[in-house]
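> Sequence first, then the predicted structure:
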Amino acid sequence: MELRQLKAFVVVAEELHFGRAADRLHMAASPLSRQIRSLERELKAVLFRRTTRHVELTPAGRVLLDRGRAILREVDVVTRTVTEVATPAPARVTVAFTRSAAQTLLARIMLTARRVGNPDVDLHTDLLTPAQLDAIASGTVDIGFLVRAGEPVPAGLRSHSLAAGALRAVVPAGHPLADRAEIELAELARHDLISFPAPTRSVVREATEKACARAGFRPRFAYEASETAAILNLVAAGLGISLLPVPVDLLGPGLVHRPVVPEVGIEIGMVWREDERRSDVLRLVAAIRRPDRQSVRNEGCELAPLSGAQ
């Protein structure tokens, strides 16, 4: 599989229309169609169901879209990192967010960066907590905003708690549990769950497994996806239930959220390197650790501010 084939596939999967995808790729529709057919032959899998009026992803196509986006993001990170090493550029602060942290804190963090004179900020969003920790430790990311569940950060890193909350049960709007004011965690033993893959070391996945164990059952994960958006799409399709920290007022159509009992507590924290010496990074960290409390209270009801550092 070539990267150009993978990129072409992702664009077609996003557009679900070969003409629009060809326009985005600056090529004709016929060569694009041939690329996709060549990719299907190579993978020995049908990726799209095509009619004269409609294009949709097959199950195999959905899996490739999920993994393909992750591969292209990683290629982009590697390309930019190598380019920066080969051609040093002016110093920039690289900041990463999980999806829930971005939806809750992104605007506030960017306004703070501007206020303290850090206009040059590279953003990475929807990066899971374990990947962020690895990137911060390696120097690829300077500051991370990620989900934690009470576990300590690895040696060499420092953390500061910004907001506390809880995982919410996300269910399809027509699901029987959607009528409940709250959902007993033990009830999920009878339902398929959807979460992040175990190899990603996802904090949300581990918190879900531990909470289910405390409730006396082993969760049955019917589907896994490495992106929050993909998990939400699977839930909306009626394929299972997920426990997520997403700001629930930003869920898409066809989804509802309910608190679970007992509560599965999580927090959003900021992490940076303990031996960090760059003044622009340290200035931004210091400013974020001294938030305007009124602005924090206005972030929304799902996450409440914490005080103190960890």
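Alright, I've got the coordinates.

> Now Val256: closest residue in space that isn't a chain neighbour?
The spatially closest residue to Val256, leaving aside those adjacent along the chain, is Ala178, at 4.9 Å (Cβ to Cβ, 6 or more residues apart in numbering). To be clear about C-beta, it is placed using only N, CA and C from the backbone, and glycine gets the same treatment.

> In a helix, the one you found, correct?
Yes: according to DSSP: H, G, I helix; E, B strand; the rest coil, the state of Ala178 is that of a helix.

> So it versus Val204, what's the distance?
According to Cβ to Cβ, to the nearest Å, Ala178 and Val204 sit 21 Å apart.

> more crowded one of those two?
Looking at Ala178 and Val204 with other Cβ atoms under 10 Å, you find the greater number of neighbours at Val204, namely 26 against 15.

> So that one sits against Pro245, correct?
Yes: proximity of Val204 to Pro245 meets the contact threshold set by Cβ atoms under 8 Å, at 6.4 Å.

> Now do the shared contacts for these two.
Both Val204 and Pro245 are contacted by 147, 167, 266, under the criterion Cβ atoms under 8 Å, 6 or more residues apart in numbering.

> Now intersect those residues with the strands, please.
Helix and strand membership here follows DSSP state E; of the shared contacts of Val204 and Pro245, those in strands are 147, 266.

> Return the residues in contact with Ala222.
Counted by Cβ under 8 Å, 6+ apart, Ala222 has contacts 192-194, 239-240.

> hmm, I was thinking of Thr129
98, 146-148, 201-203.

> Drop anything exposed from the residues you listed.
Buried members of these, scored by 16 or more other Cβ atoms under 10 Å, are 98, 146-148, 202-203.

> Determine which two of those are furthest apart.
Looking at these by Cβ to Cβ, the two members farthest from one another are Arg148 and Ser202, with 11.8 Å of separation.

> circling back: the contacts of Ala222, buried ones only, as a ChimeraX selection?
A single ChimeraX command selects the buried members of the contacts of Ala222 (16+ other Cβ under 10 Å):
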select :192,193,194,240
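
> Closest one to Cys212 out of the contacts of Ala222, please.
Compare each of the contacts of Ala222 with Cys212 using Cβ to Cβ and the shortest gap goes to Leu193, at 8.2 Å.

> Number of residues surrounding Thr104?
A count of nearby residues for Thr104, using other Cβ under 10 Å, gives 25.

> about what we covered before: format the contacts of Ala222 as CSV; extra columns: secondary structure.
As requested, the contacts of Ala222 are exported to CSV (three-state DSSP):
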residue, secondary structure
Asp192, coil
Leu193, strand
Ile194, strand
Leu239, coil
Gly240, coil
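
> Let me know the closest of the contacts of Ala222 to Lys44.
Leu239 (24.5 Å).

> Isn't the closest one up against Leu193?
No: between Leu239 and Leu193 there is no contact under Cβ under 8 Å: 10.1 Å.

> For Arg114, grab the count of nearby residues.
Arg114 has 11 neighbours, counted by other Cβ under 10 Å.

> Looks to me like it is in a helix.
Yes: with three-state DSSP as the criterion, Arg114 is assigned to a helix.

> Tell me how far it lies from Val121.
Applying Cβ to Cβ, one obtains 9 Å for the distance of Arg114 from Val121.

> Just give me the residue right at the centre of this protein.
Closest residue to the average C-alpha location of the chain: Asp126 at 3.1 Å, with Cα atoms, centre = their mean.

> Check the gap between that one and Glu224 for me.
16 Å.

> same question, Leu105
Leu105 sits 26 Å away from Glu224 when distances are taken as Cβ to Cβ.

> same question, Ile71
Using Cβ to Cβ, one gets 17 Å for the distance from Ile71 to Glu224.

> ditto for Arg180
With the distance defined as Cβ to Cβ, Arg180 ends up 25 Å from Glu224.

> ok, those two, which is more surrounded?
In terms of neighbours (other Cβ under 10 Å), Glu224 is the more surrounded of Arg180 and Glu224; the figures are 20 against 16.

> hang on, the earlier thing: spatially nearest residue to the residue nearest to the centre of the chain, not counting backbone neighbours?
Once chain neighbours are set aside, the closest to Asp126 by Cβ to Cβ, 6+ apart is Arg99, at 4.5 Å.

> How far off centre is the helix of greatest length in the chain?
Looking across the chain with DSSP state H, the single longest helix is helix 59-86. Helix 59-86 has its C-alpha centroid displaced from the chain centroid by 14 Å (Cα atoms, centre = their mean, to the nearest Å).

> Give the next helix or strand downstream of that helix.
strand 93-97 (DSSP states H and E).

> and that following strand, what does it pack onto?
helix 99-115, strand 121-124, helix 129-138, strand 143-148, helix 279-288 (3 or more Cβ pairs under 8 Å, 6 or more residues apart in numbering; DSSP states H and E).
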